[in-house]
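Q: below are the sequence and a predicted model for it; my questions follow.
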Amino acid sequence: LDYYLGNIRLLQEDYEGAVQYYENIVWSNTGVFQGVNLAWTYFQLDRTDESFALLEDAIEQYKIFDETSAVSYLLSIRSQLYALAFDYDSAIVDIDEAIELAEENEFDSATLAELYTIRGEIIFLIYEWDRVEDNFDTAIELDPDYAPAYFQRGVLFYTMARRENALSDFEMYLELDSDGIYAEQAQEYIGSIVIELEALGG
C-alpha cells in the first residue's frame, strides 16, 4: 500500500509526500522497483547523496543474493542518475558494468537493446557521436523491434544533419510504437525534416 500511495504522490510531483510512503518500505529480495522510486524521489529533492547511497546498498545486497538481473537494472538506473548529475564518467562505468553482466548472463535481446540504448544516450551527452551511433546500431541489431533505439538514433542523425536517415528512424519509431512516449516528438521532428528537405529541394 505504501508503494502505491507513494507512486500517486510521485505522479503528482509531491516528492516530500512520496518519500514519506517510500521510506516505509524496507529493501527485500523483491523490492527493487520500490527502492528505485525512493532513490529517484531523493534525487528530485536534491538529496543526491542519499539517492546514490541507497542504490549502492541495494546493488551490494542484490550481489549477495546473486540476483544479476536486479544488479544490472540498478546499475542502469544509477548510471542515468549520474548522467543527470553531470558525472558522465561514473555513468559510463555503471552502464558498462550493467551491459557486461547482461551479456555474461545471456539476458534477453530486448533487455540488452535497452541497455545499449541507455549507453548511447549517456555517451551522446559527451558528444562522441561515433560511439553513440555504434550503441544505437547494436541495440537495433539485437532487437529490431525496440522502438526507443530508433527514436534516439533519429535524434542523433538529426543532430548530425543526416536528415534522410533521421526521417527514416522517426518513421520506424512511429510504426513500431505509434502511442509511445516519444510519439509526439517524433511527429514534430518529421514535420521539421519534411520542411527542411523541401527547402533544400530534397
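A: That came through fine.
Q: for the residue nearest the centre of the chain, give me the pLDDT.
A: Among the residues of the chain, Ile118 comes closest to the average C-alpha position under CA atoms, centre = their mean, at 4.7 Å. Predicted confidence (pLDDT) at Ile118: the value is 98.
Q: next, the contact list for it, please.
A: 76, 79-80, 95 (CB atoms under 8 Å, 6 or more residues apart in numbering). For glycine as for every other residue, the C-beta is placed from the backbone atoms N, C-alpha and C.
Q: next: Ala18.
A: 6-7, 9-10, 37, 41.
Q: among the residues you listed, name the ones in strands.
A: If you go by DSSP state E, the contacts of Ala18 have nothing in strands.
Q: now the residue nearest to the centre of the chain: which helix or strand?
A: In the assignment (DSSP states H and E), Ile118 maps to helix 109-124.
Q: could you list the buried residues of that helix?
A: For helix 109-124, a neighbour-count test (16 or more other CB atoms under 10 Å) marks 111-124 as buried.
Q: make TSV out of those and add distance to Lys63.
A: Below are those laid out as TSV (distance: CB to CB, whole Å):
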residue	distance to Lys63
Thr111	18
Leu112	20
Ala113	24
Glu114	21
Leu115	18
Tyr116	23
Thr117	24
Ile118	20
Arg119	21
Gly120	26
Glu121	25
Ile122	22
Ile123	26
Phe124	29
